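Participant: Model the structure of this input:
(3 chains)
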Amino acid sequence: MSDDRLEAGFLAAAVVVAVLGVAAAVALPVAGAAGGAGVGADASDAAAPNASGAPGLAVTTDFAATGVTAPDRDGTATVDGESFASARAAVDAAEPGDTVVLDGRFDERVNASVDDLRIVASESGAVIDGGGEGRVLTVSGENVTVSGVWVRGSGSDLGSEDAGVFVAGDRARIESVRITDTAYGIWIDGADEAAVEDVRIDGREDVYPVTDRGNGIHLFETSGTVVRDSEITDTRDGIYFSWATDVLAENNTIRHTRYGVHYMYSDDNRLVDNVAADNGVGYALMVSEGLTVRNNTALRNDGSSGHGIMAKDIEDSTVADNHLVANRNGLYRYNAQGNRLVDNLVYRNGVGIHSAAESGSEVVAGNSFVRNERAVRTARNSLVAWNGTDRGNYWSGARVADRDGDGVSEVRHRPIGIVENLIDDHPQAAAFANSPAFEAVRLAESSFPVVETPGVVDRRPLVEPNHDWRAYEPDAASGGEAAGGDGTRAANRTADTEDTP
Amino acid sequence: MSDPTDRPVEEPEGETRPDGGHPDAAATVGALDGGTDVDTGESGATATAEAAETETSEGTRGTLRHVFVVAVTEYRLAVRSRWALALTGLFVFFGAVLMTFSGSAVGPAGAERVVASLTSLAAYLVPLAALALGYDAIVGREDEGWLAVVFSLPVRRSEVVAGTYLGRLAVLAGATVLGFAFSGALIVREFGVGALPGFLGFLGGAVAVGAAFLAVALLLSTVAREKTHALGAALLVWVWFVLGHDLLALGIVAAADLPDAALSALVLSNPVSAFRVLALSGLGTTAGGGFTAVLAGSGLSTVALAASLVAWCVIPVALAARLVRRRRL
Amino acid sequence: MRIDATDVRKTYGDVTALDGLSLSVPSGSTYGIIGTNGAGKSTLFRLLVGHDRPDAGTVSVGGTDVTEAGRRVRERVGYLPEHVGFPDGLSGREVLGVHRAIRGLPKDGRTADAIERVGLTQEEADRRVSGYSNGMQRRLGLATVLLPDPDVLILDEPTAGLDPRGVDEFHAIVGEITAETDATVVFCSHVLGEVERLCDRAAVLHDGRVRAAGSVDELAADAETGNGVAGDGDEPTTASGRDRGGLRAAFREAIGGDATHDSQADSEEVAP
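Facilitator: The predicted structure follows:
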């Protein structure tokens, strides 16, 4: 009798479960229109890497040059107790060491050729409007400070270097300045030890193509210059380096440009604590040596050739502790030699690291590759080991086995091997992704050291990541209750399952 | 109550549910057989209730009755030999292990990852379970002597084959649904009902791929002379479709630039691949590996994939229904 | 319902099972078929129920060609294969229920009747087949054959494996059928006495052909006189065989004194 009950009950239970499941799924969009829509929205969030909602994905803006205003009343320039209606007249009249105080609106172009001059705005603000021609403010004297002034309306001839502020004298100091409606924002022209601080540059966003705009800050043949705490949007490149050396760029935020930061022929510069979001390329490092790129964030640089960091013909540089999140390619390398790529978080990019032309003498260690659609793409004529030190990288979804408890897995990881290369060559093969056949080939590649197929190998992958990426996790933010304390690490571990190939 | 075999009539889902996906299977095999073993009409010697019916309608009703009785018997035997519980337990166990290790990722993306992992698991497990359940369906019954008894009844052999398939399919489909429903319940508890459609897509695919491999097992069992041969062939079939076929397909893709149609053929010619692509393409890009794009780019459609799975059920059964006539008792 | 086989040939690979066999079983007769192992008895039976097709010749039951309409023939025939078996998971009553359901027979108590007729108790019928002795399985097999009240019963070695009581019961059942219905009963047996006792007609098969056929009395009588019924002019049988008399002599004569076959049939007669 119990058999009979089982016979009827088993099938009945299966049918009931199936019907309930289908009914629930069918009723879902009907019954809870709000709930259903929410689900749909969530799903699209998950699908799009540039989802918002997480604290790390929101970029802080409007922090630079906040007190600067552009009043419309007629301008009055004061120097040594003497007032001028023209700023140019006041500046020309000034002696070295004088302070020129500007108040109101000046429709003219100014050349500060006196050394040790200070040009400051009054408390009620000052604007210099170039009227759409030439350079608005030229600093040709040495040790000139410009502070609190709004500069706008330069010409639009890129060939004649039409800039808001054109600096030709050493030790210039541009601080708390707003620059709008100019071709170039600031052009440092062969002058050393300039300081640009707390400057906000909004480029001409209605000019297309973007390459017809000027750069935000253009550094030409300068040394010892500092650019910090500044904010740049809608220019061609945010900060452009050309034959510039020993320049420190720190704590700047650059958005909606072609390249956020662009190095050309510029050696031994430091790029620290910057944020580049929604640009074509976050940080374009090209034809330079000895760069230090540390602790920067590259976010959503996901255009058709979007890279968080592009390193092209770069040598002996360090790219460390950066967060490359939700870019098309986290890091794009082309013929980069002898660089150190260490301790970066590479999270949710289309491709974590894309190496177009490969080199052998680099160090890639301590990075966390998490939930990129593909961790690595590479030119594939050789096998490259990405663990120049005794520690490799963290790869989400990698099989790890740490028998001696030193945090380093004894099983090597092949982030890219024969199947990935196959998909590169024949995108059709992606139809077989996730198949046991794929897994078998992968397993063979990582299990048998004698199998040396072209690609990338990490012989000592890390068991635990060095980074906390929950700030960039949209679902974690909306989900609310992130586990604290001991749970944090567990949550991180379980949250990442696999890089989908 | 007095005659236990009458009970099947009281549980009509015994037939209607398990063959829900393939109502045409019985008709197909019946039609296949019809040419040579024509029912030329009732002579009226047996006092059946249908004697007054027209010949055609009696033929169809008789076929359905035969298939139904065999299916119920096979279903009943499989449940009694604990297949139903064992398979359900197997799916519950592996699903639970997977859920345990995939932990508590939140949001729909997390749900999709879990479903994607379940898909990978089911790609190994369900074909194996189906082959294990089906390899002795015919050859085992012959060893018992039961096949000779049943074939001496006024049935077409194809009806017995179809009934055997449907009866065992009911067990497999029931076990798949119930076993993975456990994982489904955990997913819904963890991620909310929004995760349900993706999971149901997976579940439907799992039932279908199980049905396909059960059909293949039935064919092997029909052709095999001995039970051990059927078992060996079933294992080879498993290794081939789970591993070998895709490896070969990868090799072919690597060696030659294929037209899209050829690639589609490579996918559709393996029920496991069809299931995997079908289940994964229903998920978002994060977990599905951009399968939607792959589908769009390769000329594979959801309909084609589903149709290929149905074909993988119907064709082996139809073939078995034909070949069973060659079988010597 | 009569059974006719005309010039039937059947080969399996290079083994010739039936070699031009012709046989006629009159309607309502109880027909015994005797022959050595490999004589073609089981092959003949398989052809009679449509499990195989003859390579040449025709087989018909009640005038219906089995090859053309095997399924219709099987509706009228109860066939008990030599190696009958049932799934372990079913009870005896359920096995009969499957038969009843497939044949589309009414629920009129015939299941319980069949169980009683073959000497199983109703309680035994509710037990799983896995617990059945060999004899009980044979009885259950016989019950499945009796269930539809068939016009033709074809029984392949029905008493093999039965205990003496079972054999007696079987004989009683066949006697009942012969007496109460006009069903045709065809069975084969190694036990010559059984055929002699139950059958009104018999045929001797050897090497795929009918070597002798006719009423049991005729066969026995012809053997006594040395006039074999079979027309292929075999050697007369020996005196020692004649001493035992009856079918045994006929059998010996028909198969041509083949020592191997003879001794085999001999021993099996002694120990059924």
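
Participant: Is there any residue in stretch B:203-212 that contacts chain A?
Facilitator: Yes. Residues of stretch B:203-212 contacting chain A under Cβ under 8 Å from any Cβ of the partner chain: B:L203. Where you see a C-beta, it was placed from the backbone N, CA and C, and this is true even at glycine.

Participant: Just the C-alphas of that stretch, formatted as PDB.
Facilitator: Extracted C-alpha coordinates of stretch B:203-212, given in PDB (Å, rounded to 0.1, in the frame of the first residue of the first chain):
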ATOM      1  CA  LEU B 203      14.400  23.000 -15.400                       C
ATOM      2  CA  GLY B 204      12.500  22.600 -18.700                       C
ATOM      3  CA  GLY B 205      15.800  22.100 -20.500                       C
ATOM      4  CA  ALA B 206      16.900  19.500 -17.900                       C
ATOM      5  CA  VAL B 207      13.700  17.500 -18.300                       C
ATOM      6  CA  ALA B 208      14.200  17.700 -22.100                       C
ATOM      7  CA  VAL B 209      17.800  16.600 -22.100                       C
ATOM      8  CA  GLY B 210      16.900  13.800 -19.800                       C
ATOM      9  CA  ALA B 211      14.100  12.700 -22.100                       C
ATOM     10  CA  ALA B 212      16.500  12.800 -25.000                       C
END
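
Participant: And the contacts of that stretch?
Facilitator: A:21, B:21-22, B:119, B:122-123, B:126-127, B:129-130, B:169, B:172-173, B:176-177, B:180-181, B:184, B:271-272, B:274-275, B:278-279, B:306, B:309-310, B:312-313, B:316 (Cβ atoms under 8 Å, 6 or more residues apart in numbering or on different chains).

Participant: So which residue is dead centre in the chain?
Facilitator: You didn't pick a chain, so chain A it is. A:A298 (1.8 Å; Cα atoms, centre = their mean).

Participant: looking at chain C here, not the other one
Facilitator: So for chain C, Cα atoms, centre = their mean, it's C:F187, sitting 1.7 Å from the centre.

Participant: how about the residues of chain A near chain C?
Facilitator: Close to chain C, as judged by Cβ under 8 Å from any Cβ, chain A has no residues.

Participant: longest strand of chain A?
Facilitator: For chain A, the strand with the greatest residue count under DSSP state E is strand A:118-129.

Participant: for the residue nearest to the centre of chain C, helix, strand, or coil?
Facilitator: Under DSSP: H, G, I helix; E, B strand; the rest coil, C:F187 falls in the strand class.

Participant: and if you look at A:Y240?
Facilitator: Assigned with three-state DSSP, A:Y240 falls in the strand class.

Participant: Quick one: residues contacting it.
Facilitator: A:Y240 neighbours (Cβ under 8 Å, 6+ apart): A:215-219, A:259, A:262, A:264.

Participant: Which member of those residues is positioned nearest chain C?
Facilitator: A:Y259 (74.9 Å; Cβ to the nearest Cβ).

Participant: just checking, that closest one touches A:N279?
Facilitator: Yes. Contact criterion Cβ atoms under 8 Å: A:Y259 and A:N279 qualify, at 6.5 Å.

Participant: Remind me which helix or strand the nearest residue to B:F199 once chain neighbours are set aside belongs to.
Facilitator: Take B:F199 and drop its neighbours on the chain: the residue closest to it by Cβ to Cβ, 6 or more residues apart in numbering or on different chains is B:G184, 5.0 Å away. Applying DSSP states H and E as the criterion places B:G184 in helix B:157-191.

Participant: Spit out the residues that contact A:Y259 and A:N279 alike.
Facilitator: Joint contacts of A:Y259 and A:N279 (Cβ under 8 Å, 6+ apart) are A:G238.
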